[in-house]
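# Need coordinates for the below:
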Amino acid sequence: MRRDGRVEMRFETTGRKQVVRWVLSWMPDVKVLSPKSLRDRVCEKLEAGLRLQ
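Here you go, the predicted structure:
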């Protein structure tokens with residue numbers, strides 16, 4: 001845990017789809033730092049959701 005109360009997590013996985021869903025379940029209280037491909041996919045999913053509204 002960081003001094004300001006934030007938590008930084010690092011892990012390895014082979015299943016990006018599940019990670020994207022997990023990250024989205026924490027929105028808006030989460031930020032993907034890397035890899036860029038995961039950050040981009042999360043943004044794509046958020047934008048697609050907004051287009052449906």
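# Just the helices from the chain, written as ranges.
In the chain, helices defined by DSSP state H lie at 16-25, 36-51, listed in chain order.
# Throw those helices into a markdown table and include distance to Arg10, mean neighbour count and mean pLDDT, thanks.
To be clear about C-beta, it is placed using only N, CA and C from the backbone, and glycine gets the same treatment. As requested, the helices of the chain are exported to a markdown table (distance: least, Cβ to Cβ, whole Å; neighbours: other Cβ atoms under 10 Å; pLDDT from 0 to 100):
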| stretch | distance to Arg10 | mean neighbour count | mean pLDDT |
| --- | --- | --- | --- |
| helix 16-25 | 12 | 13 | 94 |
| helix 36-51 | 12 | 12 | 96 |
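# Could you dump the ones you listed into JSON lines with distance to Met1 added?
Putting the helices of the chain into JSON lines (distance: least, Cβ to Cβ, whole Å) gives the following:
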{"stretch": "helix 16-25", "distance to Met1": "19"}
{"stretch": "helix 36-51", "distance to Met1": "22"}
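# Nearest to Arg2 among these would be which one?
In this view, the helices of the chain are compared for proximity to Arg2 by Cβ to Cβ, and helix 16-25 is the closest at 18.6 Å.
# Only C-alpha atoms, please: export that closest one in CSV.
C-alpha atoms of helix 16-25 as CSV (Å, rounded to 0.1, in the frame of the first residue of the first chain):
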residue,chain,number,x,y,z
ARG,A,16,-6.8,-10.8,-20.9
LYS,A,17,-10.5,-11.1,-21.3
GLN,A,18,-11.1,-11.9,-17.6
VAL,A,19,-8.7,-9.2,-16.6
VAL,A,20,-10.5,-6.6,-18.6
ARG,A,21,-13.8,-7.6,-17.0
TRP,A,22,-12.3,-7.5,-13.6
VAL,A,23,-10.8,-4.0,-14.2
LEU,A,24,-14.1,-2.7,-15.5
SER,A,25,-15.8,-4.0,-12.3
